[in-house]
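> model this:
(one chain, ligands or ions: 4)
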Amino acid sequence: MRLSQMLFVTLREDPAEAEIPSHKLLLRAGYIRRIASGVYAYLPLMWRVLKKVSNIVREEMDATGAQECLLPQLQPAELWQESGRWETYTKAEGIMFALTDRQEREMGLGPTHEEVITAIARDMIRSYRQLPVHLYQIQNKFRDEIRPRFGLMRGREFIMKDGYSFHADEASLQKTYADMDWAYSNMFRRCGLEFRAVQADSGAIGGAASQEFMILAEAGEDEVLYTEDGKYAANIEKATSLPPDAKPSAFVLYEKRETPNTKTLDKLCQFLNCSPTEVVKNIIYLVVYDNGRMVLVLVSIRGDLEVNEVKLYNELAKLAPTYGGNAIIAVDIPSEQVQQQLTLKPLPLGYIGPDLADNYITPAGQLQPGFLRFADRTVVELKNFVTGANETDYHIVGANWGEQFPLSDRIVDLRKSQAGDRAVHDPSQVLKSARGIEVGHIFQLGTKYSEALGATYTNEQGDNVPLIMGCYGVGVSRLAQAAVEQSYDKDGIIWPVAIAPYHAIICIPNISDIQQVEVGENLYTELNAVGIETLLDDREERAGVKFKDADLVGIPYRIVTGRSLKSGKVEVVERATKTSHEIAISEVAATLK
Ligand code: ATP
Ligand code: MG
Ligand code: MG
Ligand code: MG
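Ligands and ions are numbered 1, 2, ... in the order given. Alright, predicted model coming up:
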């Protein structure tokens, strides 16, 4: 493709609408344009990237024996009523775009396709002889996200690969799940991404085991807990959503610069009647995990926020149970006066105390390893508790809420884990925490949807039983942007070769120099002919402008038909390293191949 014939517009300045580097760069380099909140146009360069990502995804899926199809985006409410998700998805969660057709029938735009695929399976799968079977598609999904942001990272219309498998038994599901784990690892590796597979919460989709694939990056909206040796890694969402009967005390998460999650923050803002920044700046917020489940919230207010302390504790007591919390622990001791006014029922209030005899008292600034003591006199020993909640920098100060999530860097184990099957984590190992971008998610669904929709088959014994299901998603458009978030420099994007829109760009520094043009044109034809996807910058622009644009757009190799032509060579510059080589014109194709 010739730049002179492309819709090619780059911006020198960062657009105001973008907060994170990848979003800024994709806008500046002319890959995407915002049409509405969370709705983007993929311009020709972006579309090439997305097709490459999709092709890698498709090849890996096909290799496992999964079959591609295309399901309708427009879905009847009835199917969602059958699964019981219509009300939650359109009203409670409000994630689903719902509409009414001219016959007054309710419809929705697909946020996901469990209902549709299960209805198909109900109609078409009769016997165990047809199993297992796995169908997938790559298409636009619609989700009316509460907070669309970061460009393609959280869109309201975005591209997803979603696959659904059907099985006669658990072992068959396990096999496909393992195949998907393998296929997903291949996909992300081939896309040039550094990723981590983590245990995940199954969320509203439901089901048993599930695993996410995370790209570690500060802009990530998820938080991942992991051990250095890579043996344990989990999404914190999972850590907060274990069943209430989980066994006691596995570990305490103690973060130096914890920012409350969005939901907590919103509520805190509401009842404190102040801005998120004020909350983040002024409230020390520690979270205590019990066997992976959040049980305690430790709160302390810094002196400079005028809040009603009584109100804060009482409100937190109401809040905590929604996160599975069963106690409120104060880091600083509320005054006698405050304590008398507290109506924390049914939650006990506790304080961190250095020992049992100390009547809960911990002098501010001198927190000691010790015990968590509840008002009802139950005590939890904190063996390796590293304190310092009142030291400088242990507060959640300086967090730039909404722009960048600080990396938490301090997590300390407290007690032996008794978490049974989930306790892959060896409690003697320190857990670390990092921000992650969820690019893939695989689930074992079991019979949740097949039972709800009555999708059954006849097994070998002749019984009619529900199909066992799995589902597997990849955020294709999110992945493409995540690749940029992981690979850029001050001059622009650095695409991994496998998903770059083009492999090479030929810059003709001076378009009125006949020799430069001739070499450029010939190379352009030759490279494309041998499968090196090449752009030709034949615009009437200064060389400096062309080089800047080539760097910004992030094409892996820049070929310059400049001074070195005298010696029969061109300059080849590698985008990632900026290293430059003079290569004989006749050798270029062979070198880049
Ligand atoms: P998130 O936790 O980020 O909201 P999710 O868990 O709701 O994602 P899934 O239902 O697991 O998403 O969908 C499969 C994949 O689709 C995700 O792993 C993610 O990569 C992608 N995805 C989900 N929501 C969006 C979105 N709003 N914009 C872009 N990609 C998305
Ligand atoms: Mg979501
Ligand atoms: Mg998620
Ligand atoms: Mg998910």
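
> what average pLDDT does the strand or helix carrying Val545 get?
Val545 is part of helix 543-553, with elements assigned from DSSP states H and E. Throughout helix 543-553, pLDDT has a mean value of 98.

> likewise for stretch 521-536?
The predicted model assigns stretch 521-536 a mean pLDDT of 98.

> and the contacts of that stretch?
Residues from elsewhere that reach stretch 521-536, judged by C-beta atoms under 8 Å, 6 or more residues apart in numbering: 1-3, 501-506, 508, 520, 555, 559, 561, 570, 585, 588-589, 592-593. Where you see a C-beta, it was placed from the backbone N, CA and C, and this is true even at glycine.

> so what's the residue nearest to Asp162 when sequence neighbours are not counted up against?
Spatial nearest neighbour of Asp162, chain neighbours left out: Gly473 (4.9 Å); criterion: C-beta to C-beta, 6 or more residues apart in numbering. Shown in contact with Gly473 (C-beta under 8 Å, 6+ apart): Thr112, Met160, Lys161, Asp162, Gly163, Gly440, His441, Ile442.

> is the helix or strand encompassing the second one anywhere near ligand 1?
Spelled out, it's Met160. Per DSSP H and E: Met160 is located in strand 157-167. Yes: looking at strand 157-167 against ligand 1 by C-beta under 6 Å from any ligand atom, the contacts come from Phe158, Met160.

> for that strand, enumerate the helices and strands it packs against.
Using 3 or more C-beta pairs under 8 Å, 6 or more residues apart in numbering; DSSP states H and E as the contact test, the elements touching strand 157-167 are helix 44-63, helix 114-124, strand 133-142, helix 170-190, strand 468-475, helix 476-486.

> just the C-alphas of the first one, formatted as PDB.
It refers to helix 44-63. What follows is helix 44-63, C-alpha atoms only, in PDB (Å, rounded to 0.1, in the frame of the first residue of the first chain):
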ATOM      1  CA  PRO A  44      -7.400   0.100   7.800                       C
ATOM      2  CA  LEU A  45      -4.200  -0.300   9.800                       C
ATOM      3  CA  MET A  46      -6.100  -1.500  12.900                       C
ATOM      4  CA  TRP A  47      -8.200  -3.800  10.800                       C
ATOM      5  CA  ARG A  48      -5.000  -5.500   9.500                       C
ATOM      6  CA  VAL A  49      -3.800  -6.000  13.100                       C
ATOM      7  CA  LEU A  50      -7.200  -7.400  14.200                       C
ATOM      8  CA  LYS A  51      -7.300  -9.800  11.200                       C
ATOM      9  CA  LYS A  52      -3.800 -11.000  12.100                       C
ATOM     10  CA  VAL A  53      -4.800 -11.600  15.700                       C
ATOM     11  CA  SER A  54      -8.000 -13.300  14.600                       C
ATOM     12  CA  ASN A  55      -6.100 -15.500  12.300                       C
ATOM     13  CA  ILE A  56      -3.700 -16.700  15.000                       C
ATOM     14  CA  VAL A  57      -6.700 -17.300  17.300                       C
ATOM     15  CA  ARG A  58      -8.500 -19.200  14.400                       C
ATOM     16  CA  GLU A  59      -5.500 -21.400  13.600                       C
ATOM     17  CA  GLU A  60      -5.000 -22.400  17.200                       C
ATOM     18  CA  MET A  61      -8.700 -23.100  17.700                       C
ATOM     19  CA  ASP A  62      -8.900 -25.100  14.500                       C
ATOM     20  CA  ALA A  63      -5.900 -27.100  15.500                       C
END
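
> and that helix, what's its mean pLDDT?
For helix 44-63, the mean pLDDT works out to 97.

> quick check: buried residues in it?
Buried residues in helix 44-63, counted by 16 or more other C-beta atoms under 10 Å: 45-46, 48-54, 56-58, 60-61.

> what angle do strand 133-142 and it make with each other?
160 degrees (axes from the mean of the first three to the mean of the last three C-alpha atoms, to 10 degrees).

> any residues touching helix 44-63, and which ones?
Applying C-beta under 8 Å, 6+ apart, the contact partners of helix 44-63 are 6-7, 26, 29-32, 42, 68, 136, 138, 159, 161, 163, 183-184, 186-187, 190-191, 474, 476-477, 479-480, 495, 498-502, 553.

> tell me the first helix or strand C-terminal of that helix.
Following helix 44-63 in sequence order, the next helix or strand is strand 67-68 (DSSP H and E).

> tell me the helix or strand right after that next one.
strand 74-76.

> count of neighbours near the closest residue to ligand 1 within the chain?
For the chain and ligand 1, the shortest gap (C-beta to the nearest ligand atom) falls at Gly475, measuring 2.2 Å. Other residues within reach of Gly475, judged by other C-beta atoms under 10 Å, total 26.

> next one: the one 4 residues further on
Neighbouring residues of Leu479 were enumerated by other C-beta under 10 Å; the total is 32.

> SS state for the nearest residue to it once chain neighbours are set aside?
Using C-beta to C-beta, 6+ apart and skipping the chain neighbours, the partner closest in space to Leu479 is Val439 (4.6 Å). Of the three states, Val439 takes strand under DSSP: H, G, I helix; E, B strand; the rest coil.

> hmm, Gly475 and Val439 touching each other?
Yes: counting by C-beta atoms under 8 Å, Gly475 is a contact partner of Val439 at 5.3 Å.

> coming back round to it: which of the helices and strands packed on strand 157-167 has the lowest mean pLDDT?
Lowest mean pLDDT of the helices and strands packed on strand 157-167: helix 170-190, a mean of 94.

> hey, C-alpha coordinates of that one in PDB?
Written as PDB, here are the backbone C-alpha positions of helix 170-190 (Å, rounded to 0.1, in the frame of the first residue of the first chain):
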ATOM      1  CA  GLU A 170     -16.500 -34.600  33.000                       C
ATOM      2  CA  ALA A 171     -13.300 -36.200  31.700                       C
ATOM      3  CA  SER A 172     -14.100 -35.100  28.200                       C
ATOM      4  CA  LEU A 173     -14.700 -31.500  29.400                       C
ATOM      5  CA  GLN A 174     -11.400 -31.600  31.300                       C
ATOM      6  CA  LYS A 175      -9.600 -32.600  28.100                       C
ATOM      7  CA  THR A 176     -11.000 -29.800  26.100                       C
ATOM      8  CA  TYR A 177     -10.300 -27.400  28.900                       C
ATOM      9  CA  ALA A 178      -6.700 -28.500  28.900                       C
ATOM     10  CA  ASP A 179      -6.600 -28.200  25.100                       C
ATOM     11  CA  MET A 180      -7.900 -24.700  25.400                       C
ATOM     12  CA  ASP A 181      -5.300 -23.800  28.100                       C
ATOM     13  CA  TRP A 182      -2.600 -25.000  25.600                       C
ATOM     14  CA  ALA A 183      -4.200 -23.300  22.600                       C
ATOM     15  CA  TYR A 184      -4.600 -20.000  24.500                       C
ATOM     16  CA  SER A 185      -1.000 -20.100  25.600                       C
ATOM     17  CA  ASN A 186       0.100 -20.600  22.000                       C
ATOM     18  CA  MET A 187      -2.100 -17.800  20.700                       C
ATOM     19  CA  PHE A 188      -0.700 -15.300  23.200                       C
ATOM     20  CA  ARG A 189       2.800 -16.400  22.700                       C
ATOM     21  CA  ARG A 190       2.400 -16.200  18.900                       C
END
